[in-house]
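Chemist: Need a 3D model of the sequence below.
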Amino acid sequence: MDHHTDAGAPRSGVPTYIVEAVVAVLVLILGLTVIYGSRKLGSGWTSDGPGAGYFPFYIGLIICISGAGILWQSVFGKERNTEIFVDSEQLKRVLSVLIPAAVYVGAIQVLGLYVASAIYIALFMIILGKYSPLKSVILGIVINGFFFALFEIWFKVPLFKGMINLLSFTGY
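Modeler: Okay, the predicted model is just below:
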């Protein structure tokens, strides 16, 4: 199968069957995790009937069989899909959003929702949106100031303030 872009240059990237194989392995891991947990709960038949893990065990087994079937087809199947699933340019665009989002989730744990969100919004606007740093920082602060007022003051719903804030109130 010939993989070319509109300009005629060949597309390079990750083939679809590789992505299918990786997802199949993840499905297998999920199924094995369900089986392991159900065995710890007791997946056998007891004097009262099925144990707590009886039905989850068989669900995990079905998931494992499905994952193994998908893995077999994607790696050894006669009609495996060799088309490019994602090319390098598309992958860069996805990662330019995914990696900062993952860092943001980690930053919430340390800095809290409001501070991490203000930084995330400002950096996203500066780096990906190419907005001026001053406008970006002001907008990040204003947006999170609004949400602070909305949740903390008006609705009286405290949101997570982060590990740094927790340590300052516990005396450590």
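
Chemist: Where do the domain boundaries of this protein fall?
Modeler: The chain breaks down by automatic domain parsing into domains covering 13-82, 88-170.

Chemist: how far away is the residue sitting furthest away from the middle of the chain from G106?
Modeler: Taking CA atoms, centre = their mean, the residue of the chain most remote from its mean C-alpha position is S47, at 41.9 Å. Applying CB to CB, to the nearest Å, the value for S47 to G106 is 48 Å. No exception for glycine: its C-beta is placed from N, CA and C like everyone else's.

Chemist: just I18 next, same as before
Modeler: Distance, I18 to G106, by CB to CB: 28 Å.

Chemist: Those two: which is more packed in?
Modeler: The neighbour comparison of I18 against G106 (other CB atoms under 10 Å) goes to I18, with 16 against 10.

Chemist: The closest residue to that one other than its chain neighbours in helix, strand or coil?
Modeler: Nearest non-adjacent residue to I18, counting by CB to CB, 6 or more residues apart in numbering: F85, 7.4 Å away. Here F85 is recorded as strand under DSSP: H, G, I helix; E, B strand; the rest coil.

Chemist: Start at 561, not 1
Modeler: Yes, from this point I'll number from 561; that puts the last item at F645.
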